[in-house]
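*Asks:* I'll drop the sequence and a predicted model, then ask my questions.
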Amino acid sequence: MTGSIADRLSIQPEVAAALAAGRPVVALESTLISHGLPYPQNVEVARASEAAVRESGAVPATVAIRDGRILVGLDDAALEALATAPAGSVLKAARPSLTAALTRRGWSATTVSATMIAARAAGITVFATGGIGGVHRGALGGPGATEPATFDISSDLEELARTPMIIVCAGPKAILDVPATMEYLETRGVPVVALGQEDLPGFTARSSGIRAPWSVPDVAAAAELSAAHLALGLGSAIVVCVPVPVDAALPDAVARAVAAPAAGEADVAGVHGPALTPWLLARIAVITGGASVRANTALIVNDARTAGQIARALSRRTGAE
Ligand code: PSU
Ligand code: MN
């Protein structure tokens, strides 16, 4: 079977109706379900994210791939199937692996890059995730480095550069080289804005320790800035970073302290490529005694709620509500 991305879409009727009427819709990714979190937290967070989008007055559209079709909007049985699939049976689909995902049978989960491709084809402009992928530690080598540069830079960053969309997240994942990730986004013309604080949110921690390039005080201002960005037609996404809720956050120092040793352990264990991010998230869950999972689930749901509010504000601007 062949066909364009648009030919491959199976859009849930509720999502299609909302899009046709200009009502707010929020895309949600599925790799965090299949590869990012353990069961049962993964399916709980998927359901809670959808509920949070609805509470904000928008329609959730979780994206995944099954049997050659890109599903935009999953029912509860599909969420459960993705969350309970045997380890290794769900492919992690990013832009480079999208073709493989669409030409095999069974389930593939979509990362930020693949979800953006699907959302754009479906006409969805607001997308919530936990943390974007970025430049991995060691990707660039460095002066005096004993190991060669790995060049492991997430395809999420290139997608953000080429797909006009609003991505709501809690900042680049702390497992990454966050300063290098920010430089990459700057080079590729992707605005990054912190919501409600000056510091760039640090994924499972409130602060990454670096200042965000821009910040806005509230959701209304984030929606305003995002609408202005999309209207300019520059072609890139805008990344809105929302700090993890206070009661679930890891202390900033803890989040930063666990990341470097975990990256070192992954290297010693020979973990590279698409397996690296899931491995690091699982390792940090163990190191923090589960605290990182609590933070990760809370921030994902919080991002979904905020994305719903932004989508709602945008559709009010266009007069659909
Ligand atoms: N956010 C989370 N957990 C995750 C991810 C994001 O809270 O597991 C996933 C996203 O799908 C993101 C991917 O696109 O990790 C990045 O993987 P990589 O570094 O291999 O590009
Ligand atoms: Mn990678």
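*Replies:* Happy to help now that I have it. None of the values given here were measured: they were computed from a predicted structure. Ligands and ions are numbered 1, 2, ... in the order given.
*Asks:* and the longest helix anywhere in the chain, what does it pack against?
*Replies:* Counting residues, the longest helix found in the chain (DSSP state H) is helix 291-317. Helix 291-317 sits against strand 25-28, helix 41-55, strand 126-128, strand 166-169, helix 219-232, helix 252-268, helix 276-287, with contacts defined as 3 or more CB pairs under 8 Å, 6 or more residues apart in numbering; DSSP states H and E. All C-beta atoms are positioned from the backbone trio N, CA, C, and that covers glycine.
*Asks:* and it with helix 41-55, angle?
*Replies:* Counting by axes from the mean of the first three to the mean of the last three CA atoms, to 10 degrees, helix 291-317 lies at 20 degrees to helix 41-55.
*Asks:* nearest spatial neighbour of Ala114, skipping sequence neighbours?
*Replies:* Nearest in space to Ala114, with sequence neighbours left out and distances taken as CB to CB, 6 or more residues apart in numbering, is Ala93 at 4.6 Å.
*Asks:* wait, the one you found touches Trp107, no?
*Replies:* No. In this structure, Ala93 is not within contact of Trp107 by CB atoms under 8 Å, at 9.6 Å.
*Asks:* which residues do these two both contact?
*Replies:* Counting by CB atoms under 8 Å, 6 or more residues apart in numbering, the residues touching both Ala93 and Trp107 are Ile65.
*Asks:* need the pLDDT of Ala221.
*Replies:* Ala221 carries a pLDDT value of 98.
*Asks:* can you tell me how far it is from ligand 1?
*Replies:* According to CB to the nearest ligand atom, to the nearest Å, Ala221 and ligand 1 sit 24 Å apart.
*Asks:* got it, and Pro143?
*Replies:* Distance, Pro143 to ligand 1, using CB to the nearest ligand atom: 24 Å.
*Asks:* I'd guess that residue is in a helix, am I close?
*Replies:* No. Counting by DSSP: H, G, I helix; E, B strand; the rest coil, Pro143 is located in no helix; its state is coil.
*Asks:* tell me the centre residue of the protein?
*Replies:* When CA atoms, centre = their mean is applied to the chain, the residue found nearest the centroid is Thr129 (3.2 Å).
*Asks:* before we move on, back to that, any chance of a markdown table for the helices and strands packed on helix 291-317, columns mean neighbour count?
*Replies:* Output for those, formatted as a markdown table (neighbours: other CB atoms under 10 Å):
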| stretch | mean neighbour count |
| --- | --- |
| strand 25-28 | 30 |
| helix 41-55 | 21 |
| strand 126-128 | 30 |
| strand 166-169 | 27 |
| helix 219-232 | 18 |
| helix 252-268 | 17 |
| helix 276-287 | 20 |
